[in-house]
Each structure stands twice: as structure tokens, then as C-alpha cells.
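**Student:** Sequence first, then the predicted structure, then my questions.
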Amino acid sequence: MNTDPRTHAAASIQHSRQVERLVRGQPTSDGDGVKLTRVLTQPLQKRLDPFLMLDAFGSDAASDYIGGFPDHPHRGFETVTIMLEGRMRHRDSVGNVGLLEPGSVQWMTAGRGIIHSEMPEQQEGRMAGFQLWVNLAAKDKMTAPAYRDVPPAQVPVVTLDAGVSVRVIAGQALGRSGAVSRPTTEPIVLDITLPAGQAFDCALPAGHNAFVYVYGGGVVEVGGEAPARVESERMAILANDPAADGVRLRADAGLARPARVLLVAGAPLNEPIAQYGPFVMNTSAEIQQAVTDFQRGVLAT
Ligand code: FE
């Protein structure tokens with residue numbers, strides 16, 4: 001692991017954002033019957049602009065994931081796959097092949113069009129992780145598709161006092177640049193481990209929309225004074241407060257194992273969102289064009 005040898009004192013913030021709303025994900029399935037929880041759903045796209053979707057998957061039962069995600073198209077946005085456990089093989093119409101393994105991240109810019117598959121490379125055992133969709137600005141939606149595999153060792157890990165650690169997947173945090181940096185939406189994606197009773201203050205640009213998703217360990221208190229108690233498998237949407245310079249997270253003191261938290265923030269695009277399944281554009285005419293291009297076999301050429 002690319003662990004920073006120094007131990008940092010947690011950077012303090014002056015005024016934390018508070019929790020605006022707690023969201024419980026919706027169980028669903030996608031691809032060829034892969035069971036997952038859709039945490040960020042379509043009705044939240046405007047509120048959490050530029051983020052369009054967050055799926056959490058995690059199962060020990062092969063029948064929940066073995067169908068995988070056979071060939072399917074995308075246009076107009078980026079997909080970020082964060083693998084925690086298990087292995088998936090990625091193949092796409094550009095010719096990229098990659099192995100998603102535990103601790104790795106895949107950042108795919110669909111741009112004007114890509115067709116890809118993500119298939120399990122295991123017959124049994126646990127498969128767990130996330131897929132986050134990040135919108136592209138209107139001016140970038142028809143850009144050339146791109147794909148980047150980030151192996152676990154290339155995700156910077158910052159170790160703070162008392163066993164707090166932060167994997168900086170995207171953006172800037174704690175003076176480190178993440179594995180990925182993107183213009184315009186300037187996404188910040190952090191995978192945080194918080195032992196019982198420990199706090200982490202994360203600076204966030206005031207203009208970013210932001211949320212946290214607690215995915216393991218138990219209750220995390222989110223916010224400054226009178227923090228909200230966020231249970232495992234809940235998303236907390238963070239209020240946009242011009243006076244706030246970040247967010248304070250604190251793992252409940254009674255946790256038997258460290259809390260695991262995904263923190264996601266990005267600059268809103270403030271553009272119209274038109275979605276039809278795997279196509280996300282600005283207008284219905286552009287969606288119709290994507291469907292036509294796919295049907296004619298020219299979406300990903
Ligand atoms: Fe996909």
C-alpha cells in the first residue's frame with residue numbers, strides 16, 4: 001500500500017456541515033441479475049449534482065453476483081467502480097481489459113459512447129464494492145471514451161492518529177492528491193476507516209454538494225454540534241452551508257470494529273439532466289440520438 005509514513009494530526013475545521021437528510025438505499029438488481037442496493041437514486045440527482053447514482057453491492061452468495069454485467073452501453077458521464085472484495089473482469093469497445101481486484105478503483109469516462117462488460121472472475125466467495133456515476137458537463141459529454149485502472153498500491157493512504165486512515169481515491173484531502181483528479185466536477189472520493197470513538201475532520205469546498213455513506217462498523221456521528229447518528233448502510237446528505245469549511249465525522253465509542261465510510265463531494269454542473277437507462281444527456285433529443293446511435297451500432301465507434 002502507498003501508505004504515508006508520517007502520522008498526521010487530523011486537520012481541524014472551523015465549522016462542520018450538518019446532515020440535511022438520511023437516505024436508506026433501495027434493494028434492486030441490475031446487469032444479469034446482480035443484487036445491489038441503489039443508494040443514490042434518480043430523484044436525488046439534482047440535489048447531489050454532479051453525482052447521478054451510487055450502487056452498493058456486497059454478498060457472499062455467488063447467485064447474487066455470478067451473472068455479472070454483460071455488454072451494455074453508456075454515454076454522457078463517468079463510472080467509478082470501487083472494489084472492496086472479489087474480482088471482476090472489465091472489457092470494453094475501446095479494447096481495454098482490466099481486472100478489478102480488492103482495493104482497486106476503475107474510472108471510466110463513457111463520453112460519446114462505450115460498450116463494456118464487468119464479469120465476476122470468481123465462482124464463490126464475497127464480492128463487495130460500489131459504483132458511482134459522475135456526470136459530465138454538456139461540453140464534455142461527447143468527448144472520446146477513456147478508461148483507467150487504478151491498482152490498490154496507487155491509491156494514496158493517509159494514516160492519522162489513533163488508527164484513522166483515509167484512502168484518497170479522487171480529489172485533494174489532507175494535503176494529498178488522490179489517485180484520480182477530474183476537471184469541472186472536481187470530485188472528492190474518500191474511503192475512511194474510523195476506529196471506535198475517533199473523529200476525522202475533512203475540509204470540503206463550500207460550493208460542493210456532498211454526502212457520506214456508512215458501509216460498515218456501525219454508527220457514525222456526522223456534523224458539528226448535535227451531530228446526526230448515521231447507521232450502517234445509510235447515506236447522509238450534507239447540508240450546503242456557505243459558512244461551513246468541511247465535515248466532522250466521529251465513530252460511535254461503542255463500536256466493536258472500525259466504522260467504514262465513503263465520503264463523496266463534487267462541484268455541481270447546474271445543467272439539465274436527461275436520463276434513459278445508461279445514457280445521461282441534457283435534452284430528450286440527445287437521449288433519442290443516443291438510442292438511435294446504439295440501435296444502428298455506431299454509439300461506440
Ligand atoms: Fe456499465
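**Tutor:** In hand now; what should we look at?
**Student:** Which parts of this structure are helices?
**Tutor:** Assigned by DSSP state H, the chain shows helices spanning 284-295.
**Student:** Read off the pLDDT value for residue 2.
**Tutor:** Looking at residue 2, its pLDDT reads 48.
**Student:** do the same with residue 12
**Tutor:** 82.
**Student:** how near is it to residue 201?
**Tutor:** 5 Å (C-beta to C-beta, to the nearest Å). Any C-beta I mention is one placed from the backbone N, CA and C, and that applies to glycine too.
**Student:** neighbour-wise, which of those two wins?
**Tutor:** Shown here are residue 12 and residue 201; by other C-beta atoms under 10 Å, residue 201 has more neighbours (19 against 11).
**Student:** Looking at strand pairing, list the partners for that one.
**Tutor:** Counting by DSSP bridges, residue 201 forms beta bridges with residue 248.
**Student:** do the one 10 residues further on as well
**Tutor:** In this structure, residue 211 has beta-bridge partners residue 237, residue 264, where bridges are defined by DSSP bridges.
**Student:** What residues does it make contact with?
**Tutor:** 40, 48, 51, 235-238, 263-265 (C-beta atoms under 8 Å, 6 or more residues apart in numbering).
**Student:** which residues touch the helix or strand of the chain with the lowest mean pLDDT?
**Tutor:** Least confident element among the helices and strands of the chain, by mean pLDDT, DSSP states H and E: strand 172-173 (a mean of 92). For strand 172-173, the external contacting residues (C-beta under 8 Å, 6+ apart) are 158, 166, 178, 181, 188, 190, 202-203.
**Student:** Nearest to residue 62 among those?
**Tutor:** residue 190 (30.4 Å; C-beta to C-beta).
**Student:** hang on, isn't that closest one packed against residue 164?
**Tutor:** No: with contact defined as C-beta atoms under 8 Å, residue 190 does not reach residue 164; the gap is 11.4 Å.
**Student:** Run through the residues that contact residue 126.
**Tutor:** Counting by C-beta under 8 Å, 6+ apart, residue 126 has contacts 58-60, 85-86.
**Student:** Quickly note the distance from it to residue 132.
**Tutor:** Taken as C-beta to C-beta, the span from residue 126 to residue 132 is 20 Å.
**Student:** if we can go back for a sec, paired strands for the least confident helix or strand of the chain, with orientation please.
**Tutor:** Counting by DSSP bridges, strand 172-173 is paired with strand 176-177 (antiparallel).
**Student:** Apart from its neighbours in sequence, what residue is nearest residue 40?
**Tutor:** Spatial nearest neighbour of residue 40, excluding adjacent residues (C-beta to C-beta, 6 or more residues apart in numbering): residue 54 at 3.8 Å.
**Student:** Let me fix that, I meant to ask about residue 265.
**Tutor:** According to C-beta to C-beta, 6+ apart, the nearest residue to residue 265 is residue 210 (3.7 Å).
**Student:** How confident was the prediction at the one you found?
**Tutor:** pLDDT at residue 210 comes out at 98.
**Student:** Could you report the neighbour count for it?
**Tutor:** Neighbour count for residue 210, taken as other C-beta under 10 Å: 24.
**Student:** residue contacts, it?
**Tutor:** 17, 188, 204, 237-238, 247, 263-266.
**Student:** separation between residue 225 and residue 201?
**Tutor:** Applying C-beta to C-beta, the value for residue 225 to residue 201 is 14 Å.
**Student:** which two from the contacts of residue 210 end up farthest apart in space?
**Tutor:** 188 and 237 (15.2 Å).
**Student:** Looking at the two, which is more packed in?
**Tutor:** residue 188 (24 against 19).
**Student:** Tell me the bridge partners for the more buried one.
**Tutor:** With DSSP bridges as the criterion, residue 188 is bridged to residue 265.
**Student:** Cheers, nothing more for now.
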